[in-house]
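> what's the 3D shape of this:
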Amino acid sequence: MAMEKQHTLKDTHNHSVTALGHHPTRREILAGFEDGVIKAWESDSGKLSQCVQEHAGWITDFLFWADEKLLLSASNDGTILCWSAGGTVLDRITFGYPIYKMTLNVRRHHLICGFNAAVKLFDLDENKESGHFIKMKGAHVAREHTDIVRCIVCHENRVYTAGYDRKFMIYDTITYPGTKGLNVLYSNHNAHDAGINCMIMVKDSENNTWILTGSFDKTVKIWSPDGQLTHKLDGFMSAITSICYCKPSKTVWVGSGTSYASLYDPKSGENVSDFIGTFQSEGEQTLKYHLQLLCFCPEFNQVVASSSRRQLFVWKYNTSGCITALKCKHAVESLTYTQKVPILIFSGGSDGMLNKWERLQTNTFMYSKESFLYSEAQAKLAAMLKIKNKRTESDSSGHGHQAATRQHTMNKSFLPPGKNRRHANVALLRTIFVESLDLLVATCEDSNIYVWGFDDEAATVLQRMQPSTSENLVQKYFILLSPQSQLLPKNGTAQFEEHDSVTNRVAGFICKNVLQGHNSCVTSVFVVGREAGYDRAYLVSGGWDRRLLIWDLAAGTLHDFFRSSTPELAPGAQELACDGIIIDMAYCPKRNEFAYASSDKMVYIRTFSPVGSEMTLVNTLQGHEGEITQVRWNHLTDKWVTASEDGTLRIWSEDGMNCDQILNVHGTVSALCIDQTNGCMVAGVQDVIKVYESEQYKLVQTNVGHTDAVRSIIHIPERAQYVSSSWDMTIQIWNAYKKPVPRKKVQLDENKPKTLIFQPGGTISDPVSE
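Coordinates of the predicted model:
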């Protein structure tokens with residue numbers, strides 16, 4: 001859920017903006033200026049709809065009276081004007097001194113106004129029996145303030161006020177028969193170090209309520225309803241000019257003289273600006289101006305801001321917008337995640353670095369980041385090569401004639417080294433997390449496959465420690481201990497089983513192995529585990545060398561490789577799985593088959609077998625006019641899905657014999673994901689994410705936010721979210737598509753009497769049960 005910029009209204013007026021508001025009935029955005037002019041713009045189109053000047057001084061506030069559909073405007077000329085829905089003045093209420101703030105207490109039927117050193121409470125008079133819409137006589141005056149009262153908020157029976165005298169007051173409204181007034185419940189004479197010029201009330205979906213105050217002392221304070229300080233937000237560059245609460249995104253916007261608003265989570269008090277993309281892509285033109293006033297329009301789901309150059313900016317809530325944007329230092333090529341709680345997201349970058357992202361418990365926006373360096377993986381590779389060279393020397397000196405026959409030992413490459421084995425490109429093109437082994441597998445452009453896992457040496461260190469001094473370590477590493485270990489507490493391991501250990505295990509990840517066998521970029525992998533009926537987990541990899549290698553993932557060794565059974569082929573050609581480079585692969589557990597896409601515009605489907613020579617070709621998918629970039633198996637519809645540079649998605653039958661549907665997506669598809677909940681196809685089409693449902697194949701959702709090609713998309717069903725990565729160096733999180741709930745048809749009870757409905761023209765409609 002994101003707030004995306006909708007309008008920029010330039011040259012609004014030749015005087016500064018002094019007040020912002022909205023008219024829900026007319027669906028208009030309002031702005032008041034220094035010279036008393038009020039202008040209105042259509043909220044949807046941004047067109048100027050009205051310009052009036054009935055006030056003679058600064059417009060200080062707007063207030064909409066929903067019950068009577070009246071708009072109230074206040075000014076420092078000492079008047080309040082009541083405007084009809086048609087834009088005409090219905091009532092002019094003269095006070096003779098400036099009005100700085102207005103608010104309605106709907107429960108008590110009161111209008112409360114802030115003046116210089118006073119707060120006044122008026123009864124509403126919608127019938128104008130007293131001559132005005134408010135009763136001027138009998139107003140209650142509270143004089144606890146000693147300066148301008150700029151802030152008034154009502155919540156249930158309470159009234160919260162603040163002003164330039166630094167005071168923060170809480171009143172209780174008194175409504176005895178024939179008596180009204182404000183009774184002081186709480187008084188803080190030094191709520192801020194300077195005058196308080198803005199205040200709002202925040203009420204979230206969990207029924208939490210806070211009062212926020214902004215001051216000239218460059219701080220924002222968050223108070224509980226009873227006046228207790230919960231958070232203090234500081235670090236602003238200048239005085240706080242305005243604050244507002246955006247309910248759809250659950251964030252507080254703070255204006256403090258910068259070209260952007262600072263975004264905060266009111267519950268935790270954390271600054272979440274870096275994790276929300278609203279202001280991350282602002283252009284250079286915005287930097288020339290400073291935001292001043294902020295106003296949230298709940299009926300339109302819009303935030304309106306004024307600038308120092310008399311401009312208005314409008315942001316609108318987009319249900320399919322980005323929830324969270326994670327910034328990286330390099331292009332992000334691949335994504336994967338762990339299903340265990342807490343859910344962890346892993347990303348592979350173009351610099352060869354792996355990043356682990358974990359959402360913080362304090363709010364839904366912020367993520368912690370941990371990096372696994374490419375240099376560590378290279379150090380592991382160098383150590384392995386050193387060991388391999390020593391073994392080679394030993395074998396050549398003692399048993400040289402036997403060494404030539406051992407083709408599959410110790411990751412020994414059976415292929416000649418390619419020219420491009422050593423090059424500068426180190427992007428991690430594909431990442432997968434193997435839950436059963438707690439291994440993170442990353443394929444790289446440098447022809448290697450890096451396997452990251454838990455540091456086993458930590459368990460050895462733990463075994464040497466005394467139980468009395470290692471309680472924390474036991475809890476952290478209990479997953480490595482046997483059930484009979486002396487280190488486990490006497491009451492058993494139940495409490496540890498309830499405690500999730502994914503965070504601790506992943507936090508200690510190191511590069512455990514480097515699988516060497518390809519002689520060019522490794523583009524794709526898939527895992528076939530014990531759930532498929534095999535005795536171990538097999539990793540199948542493919543890449544630019546057009547070969548398929550089978551690895552024993554637990555042992556970290558090469559198990560076998562694909563070999564064609566066609567005797568007419570040359571020995572080198574028998575190891576080639578296709579005519580072009582392998583771009584992507586996917587596995588079908590139902591049929592124990594896997595498909596791999598090639599640059600020769602074909603997809604090959606083979607039966608999986610741990611024996612490379614038994615990977616028989618089942619079928620080929622032909623029809624795309626460009627390179628096939630993605631292939632996926634949709635387990636909910638039992639169909640193959642392919643995507644290509646020709647701008648189409650093709651849906652194939654389970655056996656691959658027929659192409660059931662062709663979807664034109666109007667662009668190159670660079671990423672593809674299957675929604676694990678409803679079977680929708682989530683495609684990254686250039687820099688846009690498009691979601692197609694799997695029944696009628698209609699476009700049901702479009703996510704716009706990336707500025708460069710989308711490289712990877714994953715679906716996290718546990719959170720109902722899509723996560724995408726892009727060459728624009730960001731990872732963005734979106735709400736997953738939800739199918740609309742069909743409306744239930746009400747069946748009429750035949751035993752109940754029917755009512756005939758007479759329509760205009762003398763016709764009778766169908767009878768309806770009473």
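
> longest helix in the protein, by residue count?
Using DSSP state H to define each element, the chain has its longest helix at helix 374-398.

> ok, and for that helix, which residues are buried?
Within helix 374-398, the residues that count as buried by 16 or more other C-beta atoms under 10 Å are 374, 376-378, 380-381, 384, 395. Just so you know, the C-beta spots here come from the backbone N, C-alpha and C atoms, and that holds for glycine as well.

> will you turn those residues into JSON lines that also has pLDDT?
What follows is the buried residues of helix 374-398, written out as JSON lines (pLDDT from 0 to 100):
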{"residue": "374", "pLDDT": "93"}
{"residue": "376", "pLDDT": "90"}
{"residue": "377", "pLDDT": "91"}
{"residue": "378", "pLDDT": "92"}
{"residue": "380", "pLDDT": "90"}
{"residue": "381", "pLDDT": "91"}
{"residue": "384", "pLDDT": "89"}
{"residue": "395", "pLDDT": "65"}
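
> sorry, back to before: could you name the helices and strands sitting against the longest helix of the chain?
Counting contacts by 3 or more C-beta pairs under 8 Å, 6 or more residues apart in numbering; DSSP states H and E, helix 374-398 is packed against helix 400-403, strand 448-454, strand 509-516.

> Out of these, indicate the one that is most buried.
Most buried of the helices and strands packed on helix 374-398 by mean neighbour count (mean count of other C-beta atoms under 10 Å) is strand 448-454; its value is a mean of 23.

> who does that strand touch, helix- and strand-wise?
helix 374-398, strand 439-444, strand 509-516, strand 522-528.

> Work out the gap between it and the centre of the chain.
A distance of 28 Å separates the centroid of the chain from that of strand 448-454, by C-alpha atoms, centre = their mean, to the nearest Å.

> Just the residues contacting that strand, thanks.
354, 372, 377, 380-381, 428, 437-444, 480, 505-506, 508-516, 518, 522, 525, 539, 541, 551, 553, 556 (C-beta atoms under 8 Å, 6 or more residues apart in numbering).

> Sheet partners, orientation included, of it?
In the sheet, strand 448-454 lines up against strand 439-444 (antiparallel), strand 509-516 (antiparallel) (DSSP bridges).

> Tell me what angle the last one forms with helix 374-398.
The reference is to strand 509-516. Orientation of strand 509-516 against helix 374-398 (axes from the mean of the first three to the mean of the last three C-alpha atoms, to 10 degrees) gives an angle of 50 degrees.

> Then the first one?
Strand 439-444 and helix 374-398 meet at an angle of 90 degrees, taking the same axes, to 10 degrees as the criterion.

> what angle sits between strand 439-444 and strand 522-528?
Relative orientation of strand 439-444 versus strand 522-528 (the same axes, to 10 degrees): 150 degrees.

> got the contact list for strand 439-444?
Under C-beta under 8 Å, 6+ apart, the answer for strand 439-444 is 334, 336, 346, 348, 352, 354, 426-434, 449-453, 509, 512, 521-525, 527, 539, 541, 543, 553.

> and if you look at the longest one?
The list of residues contacting strand 509-516 from outside it, by C-beta under 8 Å, 6+ apart, reads 356, 372, 376-377, 379-381, 384, 411, 413, 439-440, 447-455, 539, 541, 551, 556, 558.

> is it true that residue 33 touches residue 20?
No. Contact criterion C-beta atoms under 8 Å: residue 33 and residue 20 do not qualify, at 10.9 Å.

> Pull the contacting residues for residue 38.
If you count contacts by C-beta under 8 Å, 6+ apart, residue 38 has them with 30-32, 50-55, 59, 73.

> mind redoing it with 7 Å?
Contacts for residue 38 (C-beta atoms under 7 Å, 6 or more residues apart in numbering) come out as 30, 32, 52, 59, 73.

> do residue 144 as well
169, 184, 187.

> now do residue 733
Contacts for residue 733 (C-beta under 7 Å, 6+ apart) come out as 322-324, 721, 723.

> Make CSV from those residues and add pLDDT to it.
Shown next, in CSV, are these (pLDDT from 0 to 100):
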residue, pLDDT
322, 90
323, 90
324, 92
721, 95
723, 97
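
> Closest to residue 710 out of these?
Ranked by distance to residue 710 (C-beta to C-beta), the contacts of residue 733 are led by residue 723 at 10.9 Å.

> Next one: that closest one from residue 433, what distance?
13 Å (C-beta to C-beta, to the nearest Å).

> higher neighbour count, those two?
residue 723 (25 against 21; other C-beta atoms under 10 Å).

> so the more buried one sits in a helix?
No. Counting by DSSP: H, G, I helix; E, B strand; the rest coil, residue 723 is not found in a helix; it is strand.

> can you pull up the bridge partners for it?
Counting by DSSP bridges, residue 723 is bridged to residue 714, residue 733.

> Might one say that it is in contact with residue 717?
No. Look at residue 723 against residue 717 with C-beta atoms under 7 Å: they stay out of range, at 11.7 Å.

> can you give me the helices for the stretch 501-650 of the chain?
502-507 (DSSP state H, counting those that start in this stretch).

> Just the strands from it, written as ranges.
All strands of the stretch 501-650 of the chain, identified by DSSP state E, counting those that start in this stretch, fall at 509-516, 522-528, 538-543, 548-552, 557-561, 582-588, 593-598, 602-607, 617-622, 628-634, 639-644, 648-652.

> again, but for the stretch 651-770 of the chain
Listed in chain order, the strands found in the stretch 651-770 of the chain under DSSP E, counting those that start in this stretch are 659-664, 669-674, 681-685, 688-692, 699-704, 710-716, 721-726, 730-735, 754-755, 768-769.

> next one: the stretch 1-150 of the chain
With DSSP E, counting those that start in this stretch as the criterion, the stretch 1-150 of the chain has strands spanning 2-9, 17-23, 28-33, 37-42, 48-53, 59-65, 70-75, 79-83, 89-94, 101-105, 110-115, 118-124, 134-142, 149-155.

> which outside residues touch the longest one?
By that I understand strand 134-142. Contact with strand 134-142 is made by 93, 111, 118-125, 130, 171, 180-182, as judged by C-beta under 7 Å, 6+ apart.

> Flag the shaky bits of the protein, pLDDT-wise.
1, 176-178, 281-287, 394-424, 456-507, 571, 743-770 (pLDDT under 70).

> Count the residues that sit near residue 436.
12.

> Residue 612 and residue 562 touch, don't they?
Yes. Residue 612 is within contact range of residue 562, at 4.6 Å (criterion: C-beta under 7 Å).

> Does residue 300 touch residue 43 like I think?
Yes. Between residue 300 and residue 43 a contact is recorded at 4.7 Å, counting by C-beta under 7 Å.

> shared neighbours of these two, anything?
Joint contacts of residue 300 and residue 43 (C-beta under 7 Å, 6+ apart) are residue 27.

> more crowded one of these two?
Ranked by neighbour count (other C-beta under 10 Å), residue 300 and residue 43 place residue 43 first, with 24 against 19.

> contacting residues for that one?
By C-beta under 7 Å, 6+ apart, the neighbours of residue 43 are 27-29, 297, 300, 302.

> Using a markdown table, please lay out these together with distance to residue 267.
What follows is those, written out as a markdown table (distance: C-beta to C-beta, whole Å):
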| residue | distance to residue 267 |
| --- | --- |
| 27 | 31 |
| 28 | 33 |
| 29 | 29 |
| 297 | 23 |
| 300 | 25 |
| 302 | 23 |
